[in-house]
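Undergrad: got a structure for you, letters missing:
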């Protein structure tokens with residue numbers, strides 16, 4: 001082999017190595033950008049989890065406690081409990097007093113009061129749409145969940161609490 005051929009062959013090999021180095025640098029840069037993206041994503045997930053633990057659950061409870069959605073259902077159960085209690089009280093009073101007035105003639109006597117109360121505390125009557133909406137936030141950005149509010153929310157009270 002002649003020196004000229006060796007020189008030419010050397011130049012080809014050097015050029016090929018330069019191309020490979022350039023390709024490796026491009027892959028390194030892409031990997032570096034990917035790593036930065038993953039680090040930013042991890043930082044956001046960590047921040048979101050911290051917010052959820054430190055503030056999120058308090059927000060859900062506060063929003064529920066100060067919303068008509070929660071209080072209407074709770075009030076309905078409470079009202080039916082009072083009706084049932086009044087019925088039971090009247091029945092016990094009547095039996096103790098035996099005044100002679102028939103139970104079914106009193107406005108306090110409500111034969112179906114217990115059934116009405118028992119039926120009202122079934123879970124299907126105590127569902128809260130807000131809780132369902134929160135559960136559908138899985139996999140969505142935290143900002144979607146943070147913006148959810150139950151119907152009838154008293155935002156002024158929540159602002160004071162939160």
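TA: Ah, there it is. On a predicted model such as this, the values are computed, not experimentally measured, just so you know.
Undergrad: helices along the protein, start to end?
TA: In the chain, the helices defined using DSSP state H lie at 3-51, 57-65, 68-97, 113-120, 129-135, 142-147, 155-161.
Undergrad: so how far is the longest one from its chain's centroid?
TA: In other words, helix 3-51. How far helix 3-51 lies from its chain's middle: 41 Å, per CA atoms, centre = their mean, to the nearest Å.
Undergrad: how about the shortest one?
TA: For helix 142-147, the gap between its own C-alpha mean and the chain's C-alpha mean amounts to 9 Å (CA atoms, centre = their mean).
Undergrad: what's the answer for the fourth one, then?
TA: Offset of helix 113-120 from its chain centre (CA atoms, centre = their mean): 30 Å.
Undergrad: with distance to residue 105 as added columns, please give the helices of the chain in a markdown table.
TA: Bear in mind the C-beta positions are built from the backbone N, C-alpha and C, glycine included. Output for the helices of the chain, formatted as a markdown table (distance: least, CB to CB, whole Å):
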| stretch | distance to residue 105 |
| --- | --- |
| helix 3-51 | 61 |
| helix 57-65 | 42 |
| helix 68-97 | 11 |
| helix 113-120 | 16 |
| helix 129-135 | 43 |
| helix 142-147 | 55 |
| helix 155-161 | 45 |
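Undergrad: among the ones you listed, which is nearest residue 104?
TA: With CB to CB as the criterion, residue 104 lies closest to helix 68-97 of those, at 10.5 Å.
Undergrad: ok, back up a step: turn the helices of the chain into a markdown table, including mean pLDDT.
TA: What follows is those, written out as a markdown table (pLDDT from 0 to 100):
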| stretch | mean pLDDT |
| --- | --- |
| helix 3-51 | 87 |
| helix 57-65 | 84 |
| helix 68-97 | 79 |
| helix 113-120 | 75 |
| helix 129-135 | 77 |
| helix 142-147 | 85 |
| helix 155-161 | 85 |
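Undergrad: now render these as JSON lines, adding mean neighbour count.
TA: Listed next are the helices of the chain as JSON lines, based on neighbours: other CB atoms under 10 Å:
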{"stretch": "helix 3-51", "mean neighbour count": "10"}
{"stretch": "helix 57-65", "mean neighbour count": "16"}
{"stretch": "helix 68-97", "mean neighbour count": "14"}
{"stretch": "helix 113-120", "mean neighbour count": "15"}
{"stretch": "helix 129-135", "mean neighbour count": "13"}
{"stretch": "helix 142-147", "mean neighbour count": "14"}
{"stretch": "helix 155-161", "mean neighbour count": "12"}
